[in-house]
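Undergrad: Pasting a predicted model and its sequence here:
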Amino acid sequence: MPAPFFIWTSGESRVSCLILIGMMGAGKTTVGRELARRRKVRFADCDQEIVARTGVSIPTIFEIEGEQGFRRRETQMIDELSLEPDIVIATGGGVVTTPTNRALMRGRGVVVYLNVPPQILYERTRHDRNRPLLQVDDPRQRIEELYRQRDPLYREVAHLVIDGGRGNPGTMVRMIENALQKLAQQTLKNTPCEP
Ligand SMILES: Nc1ncnc2c1ncn2[C@@H]1O[C@H](COP(=O)(O)OP(=O)(O)O)[C@@H](O)[C@H]1O
Ligand SMILES: O=C(O)C1=C[C@@H](OP(=O)(O)O)[C@@H](O)[C@H](O)C1
Ligand SMILES: [Mg+2]
C-alpha cells in the first residue's frame, strides 16, 4: 500500500485534502479519479457534484442561471468539499477566477496545478459539447485567451505545478505523487523540532 502523502501540515493543522486545478481539458477529472483510487481516498469532482445536486447538466445551469449562477454554486461546493478529510477534489477550470475560491483552496488543501499547453487542451476538448465556454466560433482562440488570463491565477494558488501535457493519466499520477513526497520532505526539513 502506498505511503500516505496526504498528510500536510499548514501551521498547526493537518490537511488531508488535495485539490486539482487547471484549464478545461487539463485532465483534472481523469487524473484526480485515478489518484484517489490509488490512495484509497474519496474522489469528488466539483462539476459532477453540482450536476448531481441540481439534477441538470452544466450547460443547462449556464443557460438558466448564467455563468455567475454557476460560479455561486461552485463556490458553495468547493467550500463544502474542501472540509472533508482524505479527499481528492477535481475542480472546474474557472474556479480560480473568484478571489474567495482562491483563498479558500489555498487554505484548505494542497493545491496542484496541472499545466497543459493550449494546443493540447484544444485537441482534448474539441469534440466535447459539455463545456459551455468553448461553444464559440473559434474555441482554439478562446482557450488561448482563457489560458493567458488564468495561468497566473493558477500559479498564484498552487503549491505544486505539474507539467500535465506529457504522458498518460497514470504518468501524471506518479508525477504528482513524487512531487508531493518532495514537498513533504522540504516541509519537514523546514519545521524546527520543538524541545
Ligand atoms: N494525461 C492525459 N493524456 C491524454 N489524454 C488525457 C489525459 N488526461 C485527460 N485526458 C483526456 O482529456 C479529456 C479531458 O480530460 P478531463 O479529465 O475531463 O479534463 P478536465 O477535468 O481537466 O477538464 C478526456 O477525454 C480525457 O480522457
Ligand atoms: O473553465 C471553466 O470555466 C469551466 C470548466 C468546466 O470544468 P472542466 O475544467 O473540468 O472542464 C466546468 O466547470 C464549466 O464548464 C466551466
Ligand atoms: Mg473536469
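TA: Looks like it arrived, so ask away. Numbers count the residues shown, from 1 in each chain. Ligands and ions are numbered 1, 2, ... in the order given.
Undergrad: interface residues of the chain facing ligand 2?
TA: Within the chain, the positions adjacent to ligand 2 are 24, 28-29, 47, 58, 92-94, 131-133 by Cβ under 6 Å from any ligand atom. (Glycine included, C-beta is placed from N, CA and C.)
Undergrad: list the contacts for the one residue in the chain that gets nearest to ligand 2?
TA: In the chain, the residue that lies nearest ligand 2 is residue 92 (2.2 Å; Cβ to the nearest ligand atom). By Cβ atoms under 8 Å, 6 or more residues apart in numbering, the contact set of residue 92 is 24, 46-47, 74.
Undergrad: swap in residue 115?
TA: Neighbours of residue 115 in contact, by Cβ under 8 Å, 6+ apart: 22, 26, 151, 154, 161-165.
Undergrad: so which of those are also by ligand 1?
TA: 22, 26.
Undergrad: three-state assignment of the residue lying closest to residue 95 once chain neighbours are set aside?
TA: Distances taken as Cβ to Cβ, 6 or more residues apart in numbering place residue 101 nearest to residue 95, at 5.1 Å, with adjacent residues excluded. Three-state call for residue 101 (DSSP: H, G, I helix; E, B strand; the rest coil): helix.
Undergrad: which residues touch residue 101?
TA: Contacts of residue 101 (Cβ under 8 Å, 6+ apart): 74-75, 78, 95.
Undergrad: ok, so what distance separates it from residue 77?
TA: Distance, residue 101 to residue 77, by Cβ to Cβ, to the nearest Å: 10 Å.
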